[in-house]
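[1] Next input, structure requested:
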Amino acid sequence: MNYNKIPPTVRDAIDRHVRDGTETGHFVEACLMNDLVRAFRRGDPESLAALSEIARYIWWEIPEPSWGSREKVETWRRAREADRALALVSLGPEHPPLKAV
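    As a prediction, the model looks like this:
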């Protein structure tokens, strides 16, 4: 499916959430948490115009445990944080700390 109506910043934020568990802006967070009213309050005109496509992207393209409620989003973020911590530990002391990008 083509998701070209989704603003690149919104899609990037969703993808970073999935990959790294990073926090997103208020609009994307509301979309991930299935909070339609808050999404409408927080979205800019371009994002609101793409809201149905954003919803399809979330539904069809990202893992179900990563979205749907505040609890699921927060659990996903904690799990990704634990994954990053484990990756750092597995590098061992001979490797310098990784820089955040």
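[2] Next one: the spatially most central residue of the chain from Glu74, what distance?
    The residue at the geometric middle of the chain, judged as the C-alpha nearest the mean C-alpha position with Cα atoms, centre = their mean, is His17 (2.6 Å). Between His17 and Glu74 the computed distance is 11 Å (Cβ to Cβ, to the nearest Å). Every residue, glycine included, has its C-beta placed from N, CA and C.
[3] re the thing from before, show the backbone phi and psi for the residue nearest to the centre of the chain.
    The phi and psi torsions at His17 (degrees, to the nearest 10) take the values phi -60, psi -50.
[4] what secondary structure does the closest residue to it other than its chain neighbours sit in?
    Nearest in space to His17, with sequence neighbours left out and distances taken as Cβ to Cβ, 6 or more residues apart in numbering, is Thr24 at 5.4 Å. Judged by DSSP: H, G, I helix; E, B strand; the rest coil, the three-state class of Thr24 is coil.
[5] In this model Val18 seems to touch Thr24, though I could be wrong.
    No: Thr24 is not in contact with Val18 according to Cβ atoms under 8 Å; the separation is 10.5 Å.
[6] Thr9 is in contact with Ala50, correct?
    No: Ala50 lies out of contact with Thr9 (Cβ under 8 Å); the separation is 11.2 Å.
[7] what residue ranges in this protein are flagged as low confidence?
    89-101 (pLDDT under 70).
[8] let's see 80
    Filtered on pLDDT under 80, the chain yields the residue ranges 84, 87-101.
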